[in-house]
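Novice: Need coordinates for the below:
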Amino acid sequence: MFDSLTDKLGSVFNKITSRGVLNEKDIDEAMREIRIALLEADVALPVVKDFITKVKEQALGEKVVRSIQPGQMVVKIVHEELIKVLGSDESALNFNTVPPAVILMSGLQGSGKTTTSAKLAKLLAKKRKVMLASLDVYRPAAQEQLEQLATQIGCTSLPIIKEQKPLDITKRALDTAKKGGYDVLILDSAGRLHIDNELMNELVEVKKISNPAETLLVADAMMGQDACNVAKEFNEKLGVSGIVLTRIDGSSRAGAALSMRMIAGVPIKFLGTGEKIDEFEEFHPDRIAGRILGQGDVISLVETAMEKIDREEADKMAKQMMKGKFDLNDLLAQIRQIQKLGSLGGIMSMIPGLSKFKNQIENTGIGDNLIKKQEAIILSMTLKERKNPDLIKASRKKRIAAGAGVEVHEVNKLLKQYEQMASMMKKFGQGGGMSGLASMMKRFPGGKFPMGMGNKFPF
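Specialist: So this is what the prediction gives:
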């Protein structure tokens, strides 16, 4: 979602950081370009005006103009002001109440509210006992959908009683959650096509009965500034404690995220980063500001890796590498570990310095499609072929290529990469670990890994 804005701001910062001295004209020009970039990203005009005024005021200060690296000082000021615009770190939910802590989910129809309810339940279920209950008696199969999602994530859902009204379901859910000793009860309310009084009044009554610890609004980032207006209206009529912004992996502009805190007066608490049930994360303004400015988000990447990477599998792979053993099953395991971290573009956006090269790398053909293609090639091999790649000759290559839906030269390329990696692992094992690997790398120009793909990745 932030790619376009990141590129444009990066271009502005490249100009000012390359200069040893900045004068008022340089700063004015930079502010003008930043203003245009924010407006093109669909950030609300009042937010842009306030942001530029504050940044310019500090950038024209003597501390910046007379500093050794004035351009870097301006970047620092922009980063700090971005964090203020996005809001302080208010992502933590309020559980300071007698269990069950009720979380009331609200939003327009089509915003992904039901799926988001399940995503939130999965996140909270790591530390708490969670129950889900659907109040949506209007959308066909909405209750069944939540029930299926609850089963998928291993959480309990309130049994469905046909024809029961939302207020009665709320009372039953509260009673069941209390008797069952649940820590959290998530109420998935009915979505609406627009803010209508009848459904809003019903939602207000549900809130009175359930007395929620949190009332979250699920808003679609693809709506742009309309998402801010929806949030503002919901907050005025219902009283919202936080926002979950969905579909931030889409091609939407960044305006909703940057404008919402100020326009709607409600903090963003979570982000839906994809369609999968585990593509969901807490909102941290400082980390998002870092991503927008191309500075990466290593903390989130490490947290994702710790959560999703199979530790036992990684340890097993490390031991094999130390022994110098590496076959195509190990390569397949590596590919799948990488896939667990999310899209390659998403991973790169979190690594400082790499986000600016993301488009270039994707244009060269290294991306999620390549990873999937390589996985398909290995899966088209027999177990015996994966264990003994030397068996794979011309006729087998044709069969493997046909099975994976690729050309033979793509099979050859994968096998070449595997051979080079296997050779490295063998040297690694024989030469005493890192010292052996280091001495081996000296044989290659610039000490670069021999992937057979220039400076491309080994997967």
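Novice: Can you tell me the element Arg386 falls in?
Specialist: For Arg386, the host element (DSSP states H and E) is helix 383-387.
Novice: what comes up buried for that helix?
Specialist: Glu385, Arg386 (16 or more other CB atoms under 10 Å). Quick note: C-beta positions are derived from backbone N, CA and C, even for glycine.
Novice: Can you tell me the number of residues neighbouring Lys413?
Specialist: 16 (other CB atoms under 10 Å).
Novice: what about whatever helix or strand comes next after the helix holding Arg386, average pLDDT?
Specialist: Note on helix 383-387: by DSSP H and E, the next helix or strand toward the C-terminus is helix 394-404. In this model, helix 394-404 has a mean pLDDT of 91.
Novice: now do stretch 43-50
Specialist: Stretch 43-50 comes out at a mean pLDDT of 86.
Novice: Show me the contact partners of that stretch.
Specialist: Contacts to stretch 43-50, defined as CB atoms under 8 Å, 6 or more residues apart in numbering, come from residues 35, 38-39, 51, 85, 225, 228, 254-255, 258-259, 262-263.
Novice: In terms of model confidence, name the weakest of the residues you listed.
Specialist: Among these, Ala254 has the lowest pLDDT, at 63.
Novice: any low-confidence regions in the stretch 51-200 of the chain?
Specialist: 62-69, 88-91, 193-196 (pLDDT under 70).
Novice: hang on, the earlier thing: I'd like the contacts of stretch 43-50 written out as a markdown table, with neighbour count added.
Specialist: Converted to a markdown table, these look like this (neighbours: other CB atoms under 10 Å):
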| residue | neighbour count |
| --- | --- |
| Arg35 | 18 |
| Leu38 | 26 |
| Leu39 | 14 |
| Phe51 | 22 |
| Val85 | 21 |
| Gln225 | 18 |
| Cys228 | 27 |
| Ala254 | 25 |
| Gly255 | 27 |
| Leu258 | 27 |
| Ser259 | 27 |
| Met262 | 18 |
| Ile263 | 20 |
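Novice: In helices, which of those residues fall?
Specialist: Arg35, Leu38, Leu39, Phe51, Val85, Gln225, Cys228, Gly255, Leu258, Ser259, Met262, Ile263 (DSSP state H).
Novice: Most widely separated two among those?
Specialist: Based on CB to CB, the longest span within the ones in helices among the contacts of stretch 43-50 runs between Arg35 and Cys228 and measures 18.6 Å.
Novice: In space, not sequence, find me the middle residue of this protein.
Specialist: Thr273 (4.0 Å; CA atoms, centre = their mean).
Novice: what's near enough to touch Ala59?
Specialist: Per CB under 8 Å, 6+ apart, neighbours of Ala59: Ile27, Ala30, Met31, Met73, Val74, Ile77.
Novice: ok, now with 6 Å
Specialist: Ile27, Val74, Ile77 (CB atoms under 6 Å, 6 or more residues apart in numbering).
Novice: How about Ile153?
Specialist: Ala118, Lys122.
Novice: Same check on Asn94?
Specialist: Ala213, Glu214.
Novice: Recalculate using a threshold of 10 Å.
Specialist: Ala101, Ile103, Pro212, Ala213, Glu214, Ser241, Gly242 (CB atoms under 10 Å, 6 or more residues apart in numbering).
Novice: what bridges to the fifth one?
Specialist: What that stands for is Glu214. In this entry, Glu214 is beta-bridged to Ile103, by DSSP bridges.
Novice: quick one: it and Gly239 touch, right?
Specialist: No. Under the criterion of CB atoms under 10 Å, Glu214 is not in contact with Gly239, lying 11.0 Å apart.
Novice: quick one, which of the two is more surrounded?
Specialist: A direct count of neighbours by other CB under 10 Å for Glu214 and Gly239 places Glu214 higher, at 20 against 12.
Novice: Just the helices from the stretch 101-250 of the chain, written as ranges.
Specialist: Per DSSP state H, counting those that start in this stretch, the stretch 101-250 of the chain carries helices over the ranges 113-124, 142-153, 166-179, 197-210, 225-237.
Novice: So for the first one, what gets flagged as buried?
Specialist: Counting neighbours by 16+ other CB under 10 Å, one finds that the buried residues in helix 113-124 are Lys113, Thr114, Thr115, Thr116, Ser117, Ala118, Lys119, Leu120, Ala121, Lys122, Leu123, Leu124.
Novice: Mind putting these into CSV with distance to Asn412?
Specialist: Formatted as CSV, those follow (distance: CB to CB, whole Å):
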residue, distance to Asn412
Lys113, 48
Thr114, 46
Thr115, 42
Thr116, 45
Ser117, 48
Ala118, 43
Lys119, 41
Leu120, 46
Ala121, 47
Lys122, 42
Leu123, 43
Leu124, 48
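Novice: can you map out the helices along the stretch 351-459 of the chain?
Specialist: Using DSSP H, counting those that start in this stretch, helices in the stretch 351-459 of the chain cover 358-363, 368-379, 383-387, 394-404, 408-430, 434-441.
Novice: Out of those, which gets the lowest mean score?
Specialist: helix 434-441 (a mean of 47).
Novice: Quick check: of the ones in helices among the contacts of stretch 43-50, which lies closest to Thr170?
Specialist: Closest to Thr170, out of all of these and judged by CB to CB, is Cys228, at 28.8 Å.
Novice: How about the contacts made by the closest one?
Specialist: Contacts of Cys228 by CB under 10 Å, 6+ apart are 42-44, 47, 219, 243, 255-264, 266.
Novice: again, only this time at 8 Å
Specialist: Ala44, Gly255, Ala256, Ser259, Met260, Ile263, Ala264 are the contacts of Cys228 under CB under 8 Å, 6+ apart.
Novice: Output the ones in helices among the contacts of stretch 43-50 in JSON lines; the columns should cover distance to Lys129.
Specialist: Listed next are the ones in helices among the contacts of stretch 43-50 as JSON lines, based on distance: CB to CB, whole Å:
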{"residue": "Arg35", "distance to Lys129": "49"}
{"residue": "Leu38", "distance to Lys129": "43"}
{"residue": "Leu39", "distance to Lys129": "47"}
{"residue": "Phe51", "distance to Lys129": "43"}
{"residue": "Val85", "distance to Lys129": "37"}
{"residue": "Gln225", "distance to Lys129": "39"}
{"residue": "Cys228", "distance to Lys129": "35"}
{"residue": "Gly255", "distance to Lys129": "38"}
{"residue": "Leu258", "distance to Lys129": "36"}
{"residue": "Ser259", "distance to Lys129": "37"}
{"residue": "Met262", "distance to Lys129": "37"}
{"residue": "Ile263", "distance to Lys129": "36"}
